[in-house]
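1. Below are the sequence and a predicted model for it; my questions follow.
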Amino acid sequence: MGTTTMGTTIDVTLDHTADGTHLELEWSRLFAGQWTAPLPQTVSGRAGWASTGVGFAAGTSGSARYRLVGHDGARLGTVQFSWDAPFGGEHRVEAWSASISPGAYDAFADIRGDELASTRSVTFVVARVSAPTELHPAYPTAQSHDRHAPARAA
């Protein structure tokens, strides 16, 4: 009987602390691997999820889209997060945002840890910003995206 070895794991923290707004999950897809901690349906503050590759030398990849909702229930925008962590390859994360009011909110992605580590920590941040390309001060190595582009590994 063969053994199954777990592959690469992505451990995600979603940090959304924007002034009375919250995030509601629209959809999520896991393209490779399995969920080890499911995505939250609603986020006000911090939340997290995780996925891992299953099988020998397996990676994980997925995507999730949330709508940004104001305190009055009005839709303020959309944020989307993606991760791709192949076993032994370059790990990529992306954060994308589209605000109803341009530049009002933005999404950031930051990945930490050794590129060859089996577990990588990812932080996605949704924050109110004064300019569309302003970096979140808590994550100086993060990249802001109003289009699809990979984040830098720290």
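-> Nice, I can see it.

2. Now do the contacts for L14.
-> L23, P40, V43, R46, A47, G48, W49, F81, T123, F124, V125, V126 (CB atoms under 8 Å, 6 or more residues apart in numbering). Where you see a C-beta, it was placed from the backbone N, CA and C, and this is true even at glycine.

3. An error on my part: the question was meant for Y66.
-> L23, E24, L25, E26, V43, T78, V79, Q80, F81, V126.

4. For the fifth one, which non-adjacent residue is spatially closest?
-> Counting by CB to CB, 6 or more residues apart in numbering, V43 lies nearest to L23, which is 4.2 Å off, once chain neighbours are set aside.

5. quick one on the thing from earlier: selecting buried members of the contacts of L14 in ChimeraX, what would you type?
-> Applied in ChimeraX, the following selects the buried portion of the contacts of L14 according to 16 or more other CB atoms under 10 Å:
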select :23,40,43,47,48,49,81,123,124,125,126
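
6. Now render the contacts of L14 as CSV, adding secondary structure, pLDDT and distance to A32.
-> Listed next are those as CSV, based on DSSP: H, G, I helix; E, B strand; the rest coil; pLDDT from 0 to 100; distance: CB to CB, whole Å:
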residue, secondary structure, pLDDT, distance to A32
L23, strand, 92, 24
P40, coil, 95, 21
V43, strand, 93, 24
R46, strand, 91, 26
A47, strand, 92, 22
G48, strand, 93, 19
W49, strand, 93, 15
F81, strand, 91, 16
T123, strand, 85, 21
F124, strand, 85, 19
V125, strand, 85, 25
V126, strand, 86, 25
